[in-house]
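>>> Attaching a predicted model along with its sequence, questions to come.
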Amino acid sequence: QVQLVESGGGLVQAGGSLRLSCAASGRTFSSYAMGWFRQAPGKEREFVAAIRRSGGRSYYADSVKGRFTMSRDNAKNTVYLQMNSLKPEDTAVYYCTAVSTSGSAYYTRWDDYDYWGQGTQVTVSS
């Protein structure tokens with residue numbers, strides 16, 4: 001099992017940046033593919049970004065491509081989401097997710113994942 005704890009959310013003006021972190025417990029972090037999702041009030045949860053268990057290039061939703069960067073540090077059991085050029089429509093609760101896998105795939109559906117963090121609020125003011 002793995003426990004996920006997000007941090008780094010907050011209030012930022014449009015055009016600003018935030019860096020979210022997700023710390024994972026356990027000794028097999030490199031066995032998990034990771035993802036970020038978000039949910040705004042009154043809206044459905046949506047995929048943001050995903051990274052393979054080995055790291056490398058990440059996969060992004062079109063709405064954040066070119067502005068967000070997902071990375072991982074397996075030595076620190078942590079994944080990151082660097083968010084630049086933030087827009088008011090990026091306002092949401094952001095969730096870190098994990099799924100144990102032996103492959104090298106990305107996972108973009110919420111129900112692909114087995115573990116979820118408690119979420120961290122990101123608010124972008126106009």
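Thanks, I have it.

>>> Not counting sequence-adjacent ones, nearest residue to the residue nearest the centre of the chain?
A centroid search over the chain (CA atoms, centre = their mean) returns Trp36, at 2.5 Å, as the residue closest to the centre. Spatial nearest neighbour of Trp36, excluding adjacent residues (CB to CB, 6 or more residues apart in numbering): Val48 at 4.2 Å. For every residue, glycine as well, the C-beta is placed using N, CA and C.

>>> same thing with Gln82?
Thr69 (4.4 Å).

>>> for the chain, what spans make up the strands?
Ranges of strands in the chain, per DSSP state E, are 4-7, 10-13, 18-24, 32-39, 46-51, 58-60, 68-73, 78-83, 92-100, 115-116, 120-125.

>>> How many neighbouring residues does the residue nearest to Thr101 when sequence neighbours are not counted have?
Spatial nearest neighbour of Thr101, excluding adjacent residues (CB to CB, 6+ apart): Ala33 at 5.0 Å. By other CB atoms under 10 Å, the residues close to Ala33 number 22.

>>> Tell me how far Ala33 lies from Thr78.
15 Å (CB to CB, to the nearest Å).

>>> Quick check: which of the strands of the chain is buried the most?
strand 32-39 (a mean of 25; mean count of other CB atoms under 10 Å).

>>> Could you figure out how far it is turned away from strand 92-100?
With axes from the mean of the first three to the mean of the last three CA atoms, to 10 degrees defining the directions, strand 32-39 sits at 160 degrees from strand 92-100.
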